[in-house]
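J.: only geometry, no sequence info:
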Ligand SMILES: [Zn+2]
């Protein structure tokens, strides 16, 4: 027994020298006691606590425009840039480990008040098929899959679809963004999902225009549907 333990530790140690595990945010080598993100970066990540507050700013912002059940954001978008780095990693480096890290954070954070208790599907903001083909993945897949597995709810990219390839939103103001994504989405086989509750997941909420358009598309096309929103961070 002792020998097996010893061997395992030694093997792990050798592996760590050959392929050191790196912090998903700063790329420094992780200590044995650290997982995915080093202690320094982890201490810079601040959970929003929005859904434990009476005035939840993301819910207030979105529910003023569209009829949603609940909405929350995991981490504050702050100057340390750690959340931004992780999301950049997720978006441009196809890093499923980062998706899983965010999912574990969400599971720890959201199990309690029951954000996921009466939901039926987890759906990401879809990329246009062309863009997804080019990028090779949707950056929210691993996050959604992990959440779905944990809460026993299907994660699917086959219900909410993008039908128009919208121009980049980065240089547009709130009104232009809303106009830009107004008819961008559609639902596949809407009749099948009558009365279901969807959680739309996204990385960053900026003006909220994209999420609102997704929510409206679901509510408008699927009779009796309900929508909630979960994002990794939000630019307030
Ligand atoms: Zn780090």
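T.: Yep, it's here. A quick note: this is a predicted structure, and the numbers were derived from the prediction, not measured.

J.: residue contacts, residue 96?
T.: Listed by CB atoms under 8 Å, 6 or more residues apart in numbering, the contact set of residue 96 reads 141-142. All C-beta spots, glycine's among them, are computed from the backbone N, C-alpha and C.

J.: what separates it from the ion, distance-wise?
T.: 18 Å (CB to the ion, to the nearest Å).

J.: what do you get for residue 115?
T.: 28 Å.

J.: what's that residue sitting at in phi/psi?
T.: Residue 115 adopts backbone torsions of phi -60, psi -30, taken as degrees, to the nearest 10.

J.: unless I'm mixing things up, it is touching residue 70, no?
T.: Yes: the criterion here is CB atoms under 8 Å, and residue 115 meets it with residue 70 at 6.5 Å.

J.: Find the residues that touch each one of these two.
T.: 51, 228.

J.: With the ion as the reference, measure out to residue 161.
T.: From residue 161 to the ion the distance is 36 Å (CB to the ion).

J.: So which bits of the chain are right by the ion?
T.: Applying CB under 5 Å from the ion, we find that the chain lies next to the ion at 23, 25-26, 38, 41.

J.: go with 8 Å
T.: 23-28, 37-42, 82 (CB under 8 Å from the ion).

J.: can you give me the strands for the chain?
T.: 71-76, 121-124, 160-162, 185-187, 197-205, 226-234 (DSSP state E).

J.: Can I get the ones you listed in TSV including mean pLDDT and mean neighbour count?
T.: Below are the strands of the chain laid out as TSV (pLDDT from 0 to 100; neighbours: other CB atoms under 10 Å):
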stretch	mean pLDDT	mean neighbour count
strand 71-76	93	23
strand 121-124	98	22
strand 160-162	94	20
strand 185-187	94	19
strand 197-205	96	23
strand 226-234	96	24
